[in-house]
Every structure is written in structure tokens, then in C-alpha cells.
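Participant: just the structure for this:
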Amino acid sequence: MSGERDAQTTDADRAAGRRLLRELAWPHRRALAGYVLVSAVETGAGLAVPYLTSQVLDEGIPQAAAGLVGVLFGLLVALGAAAAVQGLCRFVFVAGTGRIGNDMLRELRSRLFHHLLWLPVGFHDRYSSGRAVSRMTSDVESLEDLTFDGVDVITNAVLLSLGTLGLLFWLDWRLALVVLAVLPVAGLVARWFGRATTREARRISSRAAEVIVSFSETIGGLKAVQAFRREETRREDFQRASQELLDAELGRLRVDSIASPAIQLAGNVGVTLVLLAGGIFAASGSLSVGVLAAFVLAVRQLFNPLSEVGYFVALIHATLAGLEKIATVLAEPSPADDGITLPGRVSGAVRFQGVSFGYGQQPVLSDFSLSIPAGQRVALVGATGAGKSTVVKLLTRFYRADSGQILLDDHPLDTLAEETLRRQVAMVTQETFLFSGSVADNIALGRPDASRAEVEEAARLVGVEPLIRQLPNGYDTQLGSRGGRLSAGERQLVALARVLLADPPVVVLDEATSSLDIPSERRVQAAMAAALAGRTAVIIAHRLTTVQSADRVLVLDGGRIVEDGAPAELLIGGGHYSGLHRAWLASLA
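Facilitator: Residues are numbered from 1 along each chain as shown. Below you'll find the predicted structure:
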């Protein structure tokens, strides 16, 4: 399938996941300690019920039969008060830990989203959007299960187990020893349950991520899927991922179906032994019926938490499996934004000096040098893989050169602060991305503090205003996801208006008109002339009509400049550009 599986989990990943969980919980440590105390009070109130029950049987009912109902009434009031305290503590605990859980979830989502925003484009090129969505959804939600259920389960399980053991020894130490003989069996089952659920939790986390990746990539590329009739293939991929997730879920269910009955069986054996021994003690007069009844109730309270401990182990490992993947993303280094801030606008002169760059082990540029004077329009042409896109990715600092340097008005690109660079260099891509929101909002993306009049002036200068006026609400028309209400050419015009409003001295156009029909391309080219006036421009286009308005053409081949000159000069030179031009004319015919 198209989605990648995450790399094998390492010890370092596990440690990073545990560290992330501690970081999220640490700010809430005092509140959590307070809620543990609340849970302790709740447990104490719960443990009072078996004891008060024994008192009702041994003291209250006999005295009531003798006409003294006050004792029975007092015991019943105490039972009601214990239940009320237990209910109140439950409310405070659930509400408080729920708020803490929501705070932790918000912090994790915010931290992950902020980090993804600032990671370089190179990371996102190799890390699919589906995997990023999986991190933000299923992996974050695993923490939700732990914070809303796990804290409650483990706190109650530990406190109730310890409290119940103490109560058992207090009621009758002989019967308590009988119960202790059975406890190791239940403990071994709980231990096996924890280990088995750890394996299944990691498998479920991995398979759930694959389902999300498959869905996200298919929906994101739905046009291509339908255009090439790959619906059935994608459906089969999704079905396979879903089946693998189902198999993993069934594996966990099988573990649950074995562990829970085994722990219940141990509990039933314990109760049977208690009744057997307790009956003997009661018959001999050394144990009252009330204490025996209270003991049976307490034994039930002891074995139930053991199964909950297994559930908590499953939750904690499912959470850690998700947090390990999130921690791996958070560990990706984001570029430090501590560069130089330029107070004004640069002239736009660009220089590449001995730049080398490659994708992994694949070199693309080697000792590449280029000088572009301020205000010059330079067109990059060449076959696929010649290095055109790499040049503009380096110029926009989406990637950083392996060696050499790129200068913007004698300022090394790597030394500039991110905000300064984005203010000086803007880019228009082939697939213009428009956000959900109004037309005006999308144009103002180039300069959010621009006035409405400035937004409309930018639209007018690139010639998109007549199209906007035809929309139902003009500039306030909501475009929907990815600007779906506009054609490709109209989206390009909005993008050019965005650039014009941003007013950068350097503009990069990467394949900006290659997907348009001829009328749309002409409109965009007219808009480009307005948007690029007085600016340095680096243009990539397979359609050579786009480069005819350039001052200079660079022909790239194998990461090297093989031709450099004005379009008219290169056209009659009989070289690479001339050959590309002839091939383009032949394609039109």
C-alpha cells in the first residue's frame, strides 16, 4: 500500500515516549496528588461498607429484634453517609482528572502542531501527510484513553487493593492468609495479561496508523485515483489495512477473553475457600456470620482491581506506543530562527557560490554558481531532473545547501531570520493552495495587516478583480477547502495578487502556468507581468511561452548551466534551448 509503516520501535523511542508522558503530567503533579487523596477517601468510604454490613448483621438486627432499633438506624445512616461520601468523591475525582486530561491533550496537540509547522519542507517531503494526520489523531487519542480511564483505574485499583487487604487482616487474619494463597495465581495472570497487551497495543497502533494513512492519501489524491481508474486498487489497499487492524484488535480481544475469566476464576476459588474455612470457624464459634459476610464482600473487592490493573497496563502501553511516534516527530530538529533581521527591503540581487546539494546519496548540484542582478527575470529550463526545482528550493530555503552559500544582496541566506527571508522571497507554485475562508482572506495571506483597499488594489493590478466581482459575495465569498470554487487559472491569479500584496523583491514561480489552458495561461502571464514589475524573478516553466518574457534564460542539464543568454539569442544559437523550442512547437502541432 502507499502508506509507510513506521520504523521498528527502539529503546530510545520507548524512553522518549515515557519522557514525553512525564513532561505532560509534571505541571499537574500537585493537582494529581490532591485527586489521589480524594480517591483515598473514596476508597475508605467504599471499604466501610463491608464493615458496616457486618455490624448490621451482628449488632443492628439482633438488637432491633430485641426492640432496640436505634443501633440499626444509626448503622443504616452510617451506610448511607459512606455511600454519599463515596459518590461525592467520585464526582470530584472524575471532574478534576478529566480537566487535567483535557489540558494534557491540548498541550500535546499544540506542541505537535507547532513543531510540524516549523519543520523544514525536506521533512514533510519524506514524511507523508497521512502519517502526520495519524500522529495528530489516533496517537494523541491514545493519551486521552489513559488520562480519562487509566488514572481512575490505577488509582482505585492500588488504593482499593491495599485497603481491602488491610481490612481482611483486620476482620480475620486466618481467612486473610487463605486469600493470600490464591493471590499469586491472579497476579501471574495479570502479569501475563500486561505483557500480551503490550504486544497487541503496539500492533494496533501501527495498523491504525496505516488505515489513517491509506484513507488520507486516497482522499487527498482522489482526482488522480478517479482519473486513472484506481478506485478498486485503493479500495483493496484500504480493505487490507482495515483487515490487519481488525486482526490486531481481535488479538487483543483474545487476550482479554482469557485474562478476565482467569482472574474471575481465581476470585471465585478464593471466595469458595473463604466460605469453606469461614464455615468451619463459624461452626466452632470463633467467627461471626456478619464478619464472614463482610469478608466475602471484601474478597470480591480485592480481585476486581487485579483485572483493572491488567487493563491499565494495556492502556499505558497503548499510550506509550502512540507517544513514542509523536516523540520521534518532536525530536526532529527544527531550524533555529535566530538569524539576522533586515530592517528594510533588499534590492533583490541573488548569487549562488559553489553550491552543492543532493537528496540523500543522490547528488543534484555540484559546485553550482549563478549571479542574478536585482530586477532581472531569469527563466530556468531543462529536462526533468536537470535541477531546476532544486535551485528554487534552495533559493527559498526549503532545503539548505550541503556546501557553498547563497547570497541575497550579499547577505548569506542561511544567516537570515525566517521572517526576514519570507518577507524578501515569495513563491508561486503550480498547485496554488487556497485556504478555507474568503477571497480577501486568501489574498491578504501575503500581508495580513493589509487594508481592504490594498487587497482590492492588488487584485485589480493582476486582473483578477472582474472574476471576483462575479462571485456571489465578491471578495467575501467563501472558497471552501483548497479554493475548490475557483478554476486552476483563477487560483493562480489569486496567488499572484497575494504575491503583489506581499511586495517581495524576489519572486519564484515554479511551474506556475504549466497546468493551464491557453486562455488561462495568457491571463496569468498578463498578471505575472504586473506582479513581477521591478522585482527579481526566477521562473520555471515547461511551456516556453512563459520564458519569452524573461530577460535571461538558463538551460540546466545534470545540475549544470549549459546555456545562458537572452531568449532570442539562444533561439538562433542552435543549442539546447533551440532544441527545446523546436520540440515544444512540434508538441503544439
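Participant: just the CA trace of stretch 284-292, in CSV.
Facilitator: This file holds the C-alpha atoms of stretch 284-292, laid out as CSV (Å, rounded to 0.1, in the frame of the first residue of the first chain):
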residue,chain,number,x,y,z
SER,A,284,-16.9,-23.6,66.0
GLY,A,285,-18.0,-20.2,67.3
SER,A,286,-14.7,-18.4,66.6
LEU,A,287,-16.2,-16.3,63.7
SER,A,288,-19.5,-14.5,63.5
VAL,A,289,-21.8,-14.7,60.4
GLY,A,290,-21.6,-10.9,60.0
VAL,A,291,-17.8,-11.0,59.8
LEU,A,292,-17.9,-13.9,57.3
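Participant: for Met1, give me the pLDDT.
Facilitator: pLDDT recorded at Met1 is 42.
Participant: pLDDT (mean, whole number) over the longest helix along the chain?
Facilitator: If you go by DSSP state H, the chain has its longest helix at helix 231-283. Mean per-residue pLDDT for helix 231-283: 81.
Participant: domains in the protein, by residue range?
Facilitator: 13-331, 350-588 (the TED database).
Participant: returning to that earlier point: after the longest helix of the chain, which helix or strand is next?
Facilitator: With elements assigned by DSSP states H and E, the helix or strand that comes after helix 231-283 is helix 289-330.
Participant: let me know the angle separating that next one from helix 231-283.
Facilitator: Note on geometry: by axes from the mean of the first three to the mean of the last three C-alpha atoms, to 10 degrees, helix 289-330 and helix 231-283 are set 150 degrees apart in direction.
Participant: show me what the helix or strand following helix 289-330 pairs with in its sheet, parallel or antiparallel.
Facilitator: Going down the chain from helix 289-330, the next helix or strand is strand 350-359, by DSSP H and E. Strand 350-359 pairs in its sheet with strand 362-372 (antiparallel), strand 403-408 (antiparallel), by DSSP bridges.
Participant: so what touches strand 350-359?
Facilitator: Contacts of strand 350-359 from elsewhere in the structure, counted by C-beta atoms under 8 Å, 6 or more residues apart in numbering, are 363-372, 390-391, 394-395, 399, 401-408, 506, 536, 538. Backbone N, C-alpha and C define where each C-beta goes, glycine included.
Participant: hey, which helix or strand in the protein has the poorest pLDDT?
Facilitator: None of the helices or strands of the chain scores lower by mean pLDDT, DSSP states H and E than helix 222-227, at a mean of 69.
Participant: re earlier: so can I have JSON lines of the strands paired with strand 350-359 showing mean neighbour count, mean pLDDT and distance to Leu117?
Facilitator: What follows is the strands paired with strand 350-359, written out as JSON lines (neighbours: other C-beta atoms under 10 Å; pLDDT from 0 to 100; distance: least, C-beta to C-beta, whole Å):
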{"stretch": "strand 362-372", "mean neighbour count": "16", "mean pLDDT": "92", "distance to Leu117": "27"}
{"stretch": "strand 403-408", "mean neighbour count": "17", "mean pLDDT": "94", "distance to Leu117": "23"}
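Participant: now for those strands, which one comes closest to Pro333?
Facilitator: For these, proximity to Pro333 was assessed by C-beta to C-beta; strand 403-408 is nearest, at 19.1 Å.
Participant: where does the stretch 451-589 of the chain dip in pLDDT?
Facilitator: Counting by pLDDT under 70, the stretch 451-589 of the chain contains low-confidence ranges at 480-484, 511-518, 520, 542, 587-589.
Participant: that one: strands as residue ranges?
Facilitator: 506-510, 536-540, 552-557, 560-565 (DSSP state E, counting those that start in this stretch).
Participant: could you list the paired strands of the third one along with their orientation?
Facilitator: When you say that, I think you mean strand 552-557. Applying DSSP bridges, one finds strand 552-557 paired with strand 377-381 (parallel), strand 560-565 (antiparallel).
Participant: same question, the second one
Facilitator: According to DSSP bridges, strand 536-540 forms sheet pairs with strand 377-381 (parallel), strand 506-510 (parallel).
Participant: right, and Ala379 touches Leu556 too?
Facilitator: No - if you go by C-beta atoms under 8 Å, Ala379 and Leu556 don't touch, sitting 10.7 Å apart.
Participant: which residues touch stretch 548-559?
Facilitator: So stretch 548-559 is contacted by 363-366, 368, 370, 372, 376-383, 386-388, 390-391, 525, 528-529, 537, 539, 547, 561-567, 570, 575-577, 580 (C-beta under 8 Å, 6+ apart).
Participant: would you mind measuring from Leu395 to Ala426?
Facilitator: Note on Leu395: its distance to Ala426, by C-beta to C-beta, to the nearest Å, is 11 Å.
Participant: can you give me the pLDDT of Gly354?
Facilitator: Residue-level pLDDT assigned to Gly354 equals 94.
Participant: distance of the nearest residue to it once chain neighbours are set aside relative to Ala176?
Facilitator: With sequence-adjacent residues excluded and distances taken as C-beta to C-beta, 6 or more residues apart in numbering, Gly354 is closest to Gly404, at 3.8 Å. Noted for Gly404: a distance of 78 Å to Ala176, by C-beta to C-beta.
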